[in-house]
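J.: okay, here's the prediction I keep looking at, along with the sequence it came from:
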Amino acid sequence: AMRPDSTTAKVHLADHRIVTAERVALVLSRELIILKADIGDLPAIALGDSDGVKAGDSSYVFGDSFNSIFSDGQVAVSLGIVSGVYSISSILYPGSTYLGKVIETSAAVNPNQDGAPLVDADGRLVGMVTLNFTDAKFAGLAIPINEIKPFIERVKKGETIVDEEFDFKKLDMLGVVLRD
């Protein structure tokens, strides 16, 4: 995981290259860090419209579950359905830095999947997984992509976004593990 106080991160690519990426956005309210790396043309996932997501839709979560990428070079994939689309509040999730609309999926969400893509049946990115816990359960929640798109557009226009109000004491709420 990237230290939010860092301005660069190492990115491991599928072809085994390791490149340095620059942090161009840090938005605590969306649990979002956007990285930029000059690495040539890479395929990009299409952004979906999360406003159209509804309970019962198929959903997929991709990620580095239990370090699967580093241990065997494979991305972990899990299939589920959208269980619900609703808003979370500080009453239900007192430790969450993100409060707002979420997409809940029954697809398995495991450690190392914070920030993983939530993809619809047509292969479009509809959300970014956020690790949320309650006293009762671990919830597979994703922040809808429409909540993130405005920040992506600002970065595309060359803007750097840094949440000056970032409280590094809240890192544990983001599921971030600090390493030197």
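T.: On my side now, so go ahead.
J.: any idea which helix or strand in this structure has the lowest mean pLDDT?
T.: helix 68-72 (a mean of 78; mean pLDDT, DSSP states H and E).
J.: how distant is that helix from the center of its chain?
T.: Relative to its parent chain, helix 68-72 has a centroid offset of 19 Å by C-alpha atoms, centre = their mean, to the nearest Å.
J.: which one's the longest helix in this structure?
T.: As assigned by DSSP state H, the longest helix anywhere in the chain is helix 145-156.
J.: contacts for that helix next, please.
T.: Contacts with helix 145-156, where a contact means C-beta atoms under 8 Å, 6 or more residues apart in numbering, come from 24-25, 27, 30, 32, 34, 36, 47-51, 100-101, 125-128, 161. Placement of C-beta: from N, CA and C, glycine included.
J.: make a PyMOL selection of the buried ones in those.
T.: Burial among these is assessed by 16 or more other C-beta atoms under 10 Å; the matching PyMOL selection reads:
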select buried, resi 24+25+27+30+32+34+48+50+101+125+126+127+128
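J.: which residue, other than its chain neighbours, is closest to residue 102?
T.: residue 141 (4.5 Å; C-beta to C-beta, 6 or more residues apart in numbering).
J.: list the buried residues of the least confident helix or strand of the chain.
T.: Across helix 68-72, burial judged by 16+ other C-beta under 10 Å covers 68-69.
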